[in-house]
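**Q** Here is my input, please return the structure:
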Amino acid sequence: MNLIKTIFPKQARSLSIVFMLVLFCFLVLFFRISITKTLYYIFLVWNLFLAIIPYGITLLLSDRKRLNKISFVLIFFTWLAFLPNAPYIITDLFHLNISTFNNIWIDTLVISAFAITGMFLFYFSLFQMKNLLLAFFSKSISNVLITSTIFLSAFGVYIGRFLRYNSWQILSHPQQLFSDIINMILHPITNKEVWLFTLLFGFFLQFGYSIFKRLKE
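**A** Coordinates of the predicted model:
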C-alpha cells in the first residue's frame, strides 16, 4: 500500500479499494471453479479487464501536472469508448437464467462481485475525469459533460449487450456501428426499447453517481 501511495498519492484510497474488490472477485471465481469443475464464468475476467481500462486511463492522467487540450480531447473520447464496459458487467446477471438450482447461489455471488467492482471502477473513473475536466472547463460545463457521459454509457451498455458491439469495433467496424446508431436516432419509435433502456439505466447510473458523490463529500 505504501508503494501505491508513492506512485499515485492522489488516488491511493480508490486504488486500495479496487485492489481489494478485484482480489475478492478472483477468490469467489476460483471458489466457483473448484466446486463446479467448470470455467463458464471465466469470461468475467475479460469483462473486468475492459472495465479497468477507463479507470486506468483517468488514474494515469490524474497525477500528470500538464496536459494540452488536444491530447486531452483525444484521450477523453478513448476513455468514453471504454467506459460503458464498467457498468456493462451488471447485465451479465442475465447469465443466471441458465444456472442450476444447486449453483444459483454461487453464480449470483460471482456475477454480483464482478458487477459491484465494475460499478466502483465506473464511479471512481467518473470522479477522476470530472477533476480533469475542471482544468479545462467551468464547473457547470463539467457537470453537463459528466451527466451526458453517464447516459452515453447507458446507451453503450445497450449496444454492447443487445447489439453485441464492443469498444474495439469503433475502430474495426465503424461504418456498421455508426449506421446502426444513426438508424436508432432517425427511427426512435421503431427503436423505442433502445431509448427506454438508455433512459432507465442512465437514471440508475445517475442515481448511483449522486449517492457516490454524497459519500465522498
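**Q** Starting from the longest helix along the chain, tell me the next helix or strand along the chain.
**A** Across the chain, the longest stretch assigned as helix under DSSP state H is helix 104-133. Tracing the chain past helix 104-133, the next element assigned as helix or strand by DSSP states H and E is helix 139-161.
**Q** Who are the contact partners of the closest residue to residue 52 other than its chain neighbours?
**A** Closest residue in space to residue 52, ignoring its immediate chain neighbours: residue 121 at 6.2 Å, by Cβ to Cβ, 6 or more residues apart in numbering. For glycine as for every other residue, the C-beta is placed from the backbone atoms N, C-alpha and C. By Cβ atoms under 8 Å, 6 or more residues apart in numbering, the contact set of residue 121 is 18, 51, 52, 54, 55, 86.
**Q** Retrieve the pLDDT associated with residue 121.
**A** On pLDDT, residue 121 comes in at 97.
**Q** Widest-spaced pair of the contacts of residue 121?
**A** 18 and 54 (12.2 Å; Cβ to Cβ).
**Q** For the two, indicate the residue with more neighbours.
**A** residue 54 (27 against 19; other Cβ atoms under 10 Å).
**Q** What helix or strand is that one located in?
**A** Here residue 54 is assigned to helix 43-62, by DSSP H and E.
**Q** Give the rounded mean pLDDT of the next helix or strand after that helix.
**A** Downstream of helix 43-62, the first helix or strand assigned by DSSP H and E is helix 69-82. Helix 69-82 carries an average pLDDT of 91.
**Q** following helix 69-82, which helix or strand comes up?
**A** Criterion used, DSSP H and E; the element after helix 69-82 is helix 85-88.
**Q** what packs against that next one?
**A** Judged by 3 or more Cβ pairs under 8 Å, 6 or more residues apart in numbering; DSSP states H and E, helix 85-88 is in contact with helix 43-62, helix 104-133, helix 139-161.
**Q** Quick one: low-confidence residue ranges for this protein.
**A** 1-10, 64-65, 171, 217 (pLDDT under 70).
**Q** what's the residue positioned nearest the centre of the chain in contact with, if anything?
**A** When Cα atoms, centre = their mean is applied to the chain, the residue found nearest the centroid is residue 86 (1.8 Å). By Cβ under 8 Å, 6+ apart, the residues touching residue 86 are 51, 54, 55, 118, 119, 121, 122, 125, 153.
**Q** ok, so of those residues, who is nearest residue 215?
**A** Of the contacts of residue 86, the one sitting nearest to residue 215 (Cβ to Cβ) turns out to be residue 119, at 12.9 Å.
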